[in-house]
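Visitor: Need a 3D model of the sequence below.
(2 chains)
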Amino acid sequence: MQSLKLALRMLKRDWRAGELTVLIAAVVLAVGSVGTVAFFADRVKTALTRQANLLLGADVLVSGDRALPASLADEARRRGLAATPALKFNSMVQRVGADAGAGAVLADVKAVGPGYPLRGAILLVDGNAPDGTPASGIPPRGQAWPDARLAARLGVGVGDSIAVGESTLTVGAVVQQEPEVASGLLSIGPRLLVNLDDVPATNLLQPGNRATWRLLVADLSNRDRLDPYLKWLSAELKPGQRMENVRDLRPEIRQTLERADQFLGLSSLVAVVLAAVAVALAASRYLRRHLDTAAMLRCFGASRARTLALFVLQFAIVGLVASAAGLLVALAGQQLLVVLLGSIAAGDLPAPGVMPALAACATGILLLLGFALPPLIALAGAPPLRVLRRDLPRPRPGGILAYALGASVIAALIGWQAQDAKTGAIVVAGIGGLLAAAALTAWILVVLLKRLPQRGVTWRFGLANLRRRPLASSLQIGALALGLMALLLLTVVRGDLMQNWRASLPPDAPNHFLVNVLPDQVDGVRTALKAVTGADTTLFPMVRGRLVAVNGTPLDTTTYSDTRARRLAEREFNLSWASELAKTNRITAGAWFGAATGPDAGISMEEGIANQLKLKLGDALTWDLAGATVTAKITSLRKVEWDSFRPNFFTLFAPGVLESMSITYLGAARIPEGPQSAAWLSSFVQQFPNVLAIDVGEIIHQVQAIMEQVARAVEFVFLFTLLGGLLVLQAAIAATQDERRFDAAILRTLGASQAQLRAAQVAEFLVLGALAGLLAAAGATAIGYVLSDRVFQIPFAWNPLVWIYGLGGGSVVVTLAGWLGTRGTARNPPLEVIRQLG
Amino acid sequence: MTAPILRAARLTKIVTSGEAPLTILDDVTFDVDPGASVAIVGASGSGKTTLLGLLAGLDRPSDGEVWLDGVALSTQDEDARAASRQRLLGFVFQSFQLLPALTAQENVMLPLELAGAADATARAAEWLDRVGLARRRTHYPKQLSGGEQQRVAIARAFAGEPKLLMADEPTGNLDNASGVEVADLMFRLNRERGTTLLLVTHDAGLASRCTRRLSLAAGRLVGDERAAEPV
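Guide: Numbering: from 1, shown residues only, chains lettered A, B, ... in the order given. Next comes the predicted model:
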């Protein structure tokens, strides 16, 4: 209690004397930066989960390519869960009475059982309610509920009849909105909702017709009964059956957000690392300035432990207060992120939660203690003899090992944000390497400064100041360069990359994908395409099949620890054949079929998927093609340029294997943009109602918009990084404040004017900032080059703006910050300073 | 005959500076009786401050032993020596060594609080009153003159009611008038409280007010005068 009182008193005084400013700023920065991202990620994840449950119509969805065993539903009900079956398949749907072949539309038919949906509701079109009216139950037997799109395309309304397979159903209502999983591009057709009991009469479920059997399960009592069931379920699932829950939904948006979250998290950590450097610098200054106090306390009989407790208490209080302030920054910051991420993060976001707040505060306090503890332990060990002999050597924090706690805090944080050890290790090595490389380069530059012709006392003195503390100078330059580089990368370099990427897209890149072309439509579709594009369009044949065995052993997808690999192996593949290798494909192993045909010629697999499924050259793969079985060996691996926007296949057979199977065709074409294109598309769809024409241009625009928004958010988080760099600068200035005051006093005694002293300081910071800017520009250019040359494989364009902004921005910002930090040093009367510090 | 409050036997301090070991104190032996006032005098570099550090247990001798109130310091670890200092010793330093973060009163309270005294505030106020600084209680060290700061340090040293007060050049940083004032105060309190006083000084005037003068030269004890009557 007494220690606490004493600690508070000492703290109050230090606070007033401004001794704690850098420490507090560092903790506020770290908590603010981590908290901003953590709050944001938490809110968006919660919102997505809620939204996704409604989209799914259940908590979990079991799907199978064949009928699911009744035991799955029985077990769910036995455990007190709600369960209802559903069935999805594609079918041509036609208005009864229309001319044969005209007005037929390929629809996604969903047949549902009683209780559907378990989550959310079916909304029916209602002239009186713009938002629709919730349906009470499912379509009764004999009724079909088309969605508004299908109703419009068929030209039907309530009371009309439609033909589905061999049945005729009455339109009972039109669906405005219903829970639906949009899994990929191929399920965006118009929809029809029917009663499950009406399906047998349609006679549509023949062998070879693709259908998905589903079981919707939900824990309506919300009593945590779901997890044990899911555990039981995962052991029961057979090949071809899979479990989908909220995490598997909306993959494109979820993935974007998860990446954004991960990237933002890691970016925020760069600020944390810089804050740690600032804390370490500020704590070592604290050590120097409190040595006398510590020696005095020990002289008066305080034990080492008690002295340590006294200082640690003060730091813990600082940590708590600064963390609270950091949380306020984080709350404001995450709100700004929500605004910046606009439409991607839109929706009804829940309020910020407690967990991110705790995590951010823990980060702040652990960071402070982790990096301040070594100097504090050294401080508590101050020799009491110092009260008599001030010339005794200062105790030093015990080397790198002493910072093990701090380093492990950072490592744990990075592991948490990176979510896997490998990414974490890469980031740790990356940040460490960048900081070290920047510091090393800075050190070399500082040494080279000596060779510059130095005119005038102010320049000489300013540069001498940089050289005299090479380690501190290098660290400051390195930290500042890191912050500046992050900003340059996201502003100038990103803009360049996007521009170059757009420029690198071939002008004839297809903008429409045509899917589900039936064999007898091939010629008609090609003719229609030629009429608008003026060129021949290749249509690729495609057969769907499931991989069932590798080298004679039935495929067990549970052996894939990677969920993406498991999903890839469980779903049906699009298989095709070719005798000529496409220009956008390149053989990386084995040999192309050439003239060989038949199953013995083997198959060619895309390299990436082969790696993910752990398949290698020579493996014999057995495929189930709608009941028929084909086995062929992998004879080549291919690398595919996916961003060519041309149809590509994971698996290609040699000609002479798949031709007899049930085939559809797909192709890609560039439809000229403009009003006539819409008219053409409309007549094309009327002519080929079952063909899906997917507008890729729209998708590219969406992807670009999302990238822009994510980049803006990351830019904002990188501001924390720049602040971190400036904080390291301030900490280093504060750490050398006494030295600077003493030097200034001596210089003034020798007759230097205040103006001369200020000029020397400006010279020092101008050079410091310019060096940091130079390094930042070099780093940003190098990373930009690697990204364009190695990652995106687009031509690199040299941009002088990077150097102008880097050099100019660095010099101005650092000079300003440095001048603000040191402007008091020349003010005190010289004699007083020399007496105080001498 | 009463047991000595402080005994130094064959105290030697050797430091290795550069290549050759340097002997700072060489075989110094003496006792100090309770209630005595002892001045350690000598030229700069004669080893006075080193001797004081060893006697207070702030430093360890290369050879020899110090007994403080009958306990050999070499048998104690650093924390035990700190506890002995808390119980027995008070300090006054040339550069005052007040904590800049604390007010005059808080500085006086510091050793009392460290010792766990419940009435630290009242006792500190009483001692500031005794050294004539009752009205400067809430002032910070930098708001006080040198003489006033040293008076706060004296109040701090006496507040813990030590058996032995050690002073290192207590008037060294003060002008003549303040020096005399501070010395008067120290000797008066020493008499009133029956404290033993051990001070290091090169001020002949201050030394002559003590009952005993130990002279050091080049680390050796070269003189031990006892005044018939203190001045």
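
Visitor: Could I get the buried residue list for the helix or strand containing A:Leu621?
Guide: Taking DSSP states H and E as the criterion, A:Leu621 maps to strand A:620-625. Neighbour-count burial for strand A:620-625 flags A:621-625 (criterion: 16 or more other CB atoms under 10 Å in any protein chain shown). (C-beta placed from N, C-alpha, C; glycine too.)

Visitor: tell me the two of those residues that are most distant?
Guide: A:Leu621 and A:Leu625 (12.0 Å; CB to CB).

Visitor: Now do the strand holding A:Leu621: distance to the chain's middle.
Guide: Strand A:620-625 sits 35 Å away from the centroid of its parent chain (CA atoms, centre = their mean, to the nearest Å).

Visitor: list the helices and strands that strand packs on?
Guide: strand A:539-550, strand A:573-577, strand A:628-640 (3 or more CB pairs under 8 Å, 6 or more residues apart in numbering or on different chains; DSSP states H and E).

Visitor: how distant is the last one from the center of its chain?
Guide: Translated: strand A:628-640. Remark: strand A:628-640 is offset 33 Å from the chain centroid, using CA atoms, centre = their mean.

Visitor: For the residue in chain B positioned nearest to chain A, which non-adjacent residue is closest in space?
Guide: Residue of chain B nearest chain A, by CB to the nearest CB: B:Gln86 (2.4 Å). In space, and not counting its chain neighbours, B:Gln86 is closest to A:Gly301: 2.4 Å by CB to CB, 6 or more residues apart in numbering or on different chains.

Visitor: Tell me the pLDDT of the one you found.
Guide: A:Gly301 is assigned 83 on the pLDDT scale.

Visitor: Need the residues that contact the longest helix that chain B contains.
Guide: Longest helix in chain B by number of residues (criterion: DSSP state H): helix B:176-193. With contacts defined as CB atoms under 8 Å, 6 or more residues apart in numbering or on different chains, helix B:176-193 is touched by B:37, B:92, B:130-131, B:145-147, B:150-151, B:154, B:158, B:161, B:165, B:167, B:170-171, B:174, B:195, B:197, B:203, B:206, B:209.

Visitor: Over to stretch A:433-442?
Guide: Stretch A:433-442 has contacts (CB under 8 Å, 6+ apart) with A:273, A:473-475, A:477-479, A:481-482, A:485, A:771-772, A:775, A:779.

Visitor: Can you tell me which of the buried residues of strand A:620-625 is nearest chain B?
Guide: Out of those, the member with the shortest distance to chain B (by CB to the nearest CB) is A:Leu621, at 74.3 Å.

Visitor: and the closest one, what is it in contact with?
Guide: A:547, A:549-550, A:603, A:615, A:631-634.

Visitor: got a winner among the residues you listed for most neighbours?
Guide: A:Ile603 (25 neighbours; other CB atoms under 10 Å in any protein chain shown).

Visitor: Name the nearest residue to that one, ignoring sequence neighbours.
Guide: A:Ala632 (4.8 Å).

Visitor: And the residue of chain A found nearest chain B, how far from A:Leu775?
Guide: Here the residue of chain A nearest chain B is A:Gly301; by CB to the nearest CB that distance is 2.4 Å. Here the criterion is CB to CB, to the nearest Å. By it, A:Gly301 lies 51 Å from A:Leu775.

Visitor: Neighbour count for those two, which is higher?
Guide: A:Leu775 (26 against 22).

Visitor: I am finished for the moment; much appreciated.
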